[in-house]
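Asks: For reference, the sequence and a predicted model appear below.
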Amino acid sequence: MQNTYKIAILDMNAGHPNEGMRCIKMLAGEFLAKDGIEGHYDVFEVRVNEEVPRLEDYDIYLSSGGPGSPLISGEVWETKYFGLLDDLLKHNLSHPNKKHLFLICHSFQLACLHWDLARVTKRRSTSFGILPIYKTLSGERETLFEGLDNPFYAVDSRDYQVVGPQEWKLDTLDGKVLCREKVRPHVPLERAVMAIRFSNEIFGVQFHPEADAEGMLRHFSKEEKRAQIIKKHGKKKYLDMIEHLDDDDKIMKTNHTIIPRFLQQAADTIDQSKLISV
């Protein structure tokens, strides 16, 4: 019997239009359009409408990036969102039919804070561009990164950073730090954590693996955005970024690898658990 996969996409963009949600929906749609795959996805506007899916209604969760500070402020949506994270984690500790969660950038920072697995601090300056992501030894063995170089490249856009991971706490979940940002020998600061496998079913990144060249080119070609980037980061940075968009070994390779493989692995695990329970 063919399984049906129910995907919840958590929109954390606080009502701001962006290319990331288009990309996430496209990747989910491409997965559901595969031969032998059936299912659907629903989108939940978390930060504006306080919409959070019921845990029992979905198998796979994709939680987006978003603007603003990830530092916890006690808003109603945060209580609901953190409740979902905790319920999902507890469910997976006690049930054979696991729920799968992928956390992107803002969502990743929130999870690290809420579960007290690392510090989240404001950067001295914005990290922005198509930047190298360096695998740790654990990252070299991570199946979601198979086929990606070390370093591989991804869109990075953040004013905050995850640092100081408490790896002994991750060990209790069988979690691992998988990636860090580039080495900055002239900056005496700790390298930010760029990816963590929290558990077998929960994965998070501080970059944007969903980004595609089409959306990035459209976004950064807007005159207002172009002028803003050049003013803040310089013309060379802007031109380098546009040039990288045409390189198939950079963000498109990341786009085609990480989230599609996460979705497929989640589906395979769901299939196996249902076979066992029959």
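Replies: Good, I have the coordinates. Residues are numbered from 1 along each chain as shown.
Asks: Looking at this protein, which strand is longest?
Replies: As assigned by DSSP state E, the longest strand anywhere in the chain is strand 119-135.
Asks: Alpha carbons of it, in CSV - could you do that?
Replies: Taking only C-alpha atoms (Å, rounded to 0.1, in the frame of the first residue of the first chain), the coordinates of strand 119-135 have been written out as CSV:
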residue,chain,number,x,y,z
ARG,A,119,24.2,30.7,22.7
VAL,A,120,22.6,33.0,20.1
THR,A,121,24.4,36.4,19.8
LYS,A,122,24.2,39.5,17.6
ARG,A,123,27.0,39.6,15.1
ARG,A,124,29.3,42.6,14.8
SER,A,125,28.3,42.9,11.2
THR,A,126,25.9,41.1,8.9
SER,A,127,27.0,37.9,7.3
PHE,A,128,25.8,38.1,3.8
GLY,A,129,26.4,36.5,0.4
ILE,A,130,27.1,33.1,-1.2
LEU,A,131,29.6,31.8,1.3
PRO,A,132,31.6,28.7,2.0
ILE,A,133,30.2,26.3,4.7
TYR,A,134,32.8,24.0,6.3
LYS,A,135,31.9,20.5,7.4
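Asks: Show me the shaky parts of the stretch 1-150 of the chain.
Replies: Along the stretch 1-150 of the chain, the model assigns pLDDT under 70 to residues 1-2.
Asks: again, 80 this time
Replies: Residue ranges of the stretch 1-150 of the chain with pLDDT under 80: 1-3, 72.
Asks: cool, and the stretch 151-278 of the chain?
Replies: In the stretch 151-278 of the chain (pLDDT under 80), the answer is 183-189, 219-222, 224-225, 228-229, 232-233, 237, 240-241, 243-248, 274-278.
Asks: change it to 90
Replies: In the predicted model of the stretch 151-278 of the chain, residues 157, 167, 171-174, 182-190, 213-250, 272-278 satisfy pLDDT under 90.
Asks: ranges for the helices of this protein?
Replies: Along the chain, counting by DSSP state H, helices occupy 19-32, 46-49, 76-94, 106-114, 137-140, 167-172, 213-221, 223-233, 235-245, 251-277.
Asks: out of those, which comes closest to residue 161?
Replies: helix 106-114 (8.1 Å; Cβ to Cβ). All C-beta atoms are positioned from the backbone trio N, CA, C, and that covers glycine.
Asks: what's next to that closest one, contact-wise?
Replies: 10, 12, 63-68, 70-72, 78, 81-82, 85-86, 103, 117-118, 120, 160, 162, 165, 193, 196, 198, 202, 204-206 (Cβ atoms under 8 Å, 6 or more residues apart in numbering).
Asks: excluding its backbone neighbours, what's nearest residue 104?
Replies: residue 65 (4.7 Å; Cβ to Cβ, 6 or more residues apart in numbering).
Asks: For that neighbour, grab phi and psi.
Replies: phi -80, psi -180 (degrees, to the nearest 10).
Asks: Count the neighbours of it for me.
Replies: By other Cβ atoms under 10 Å, 26 other residues sit near residue 65.
Asks: Now do it against residue 37, distance only.
Replies: 26 Å (Cβ to Cβ, to the nearest Å).
Asks: ditto for residue 243
Replies: For residue 243, the distance to residue 37 - Cβ to Cβ - is 36 Å.
Asks: who has more neighbours, these two?
Replies: The neighbour count for residue 243 versus residue 37, taken as other Cβ under 10 Å, is higher for residue 37 (16 against 11).
Asks: for the more buried one, what are its contacts?
Replies: Contacts of residue 37 by Cβ under 8 Å, 6+ apart are 5, 31, 267.
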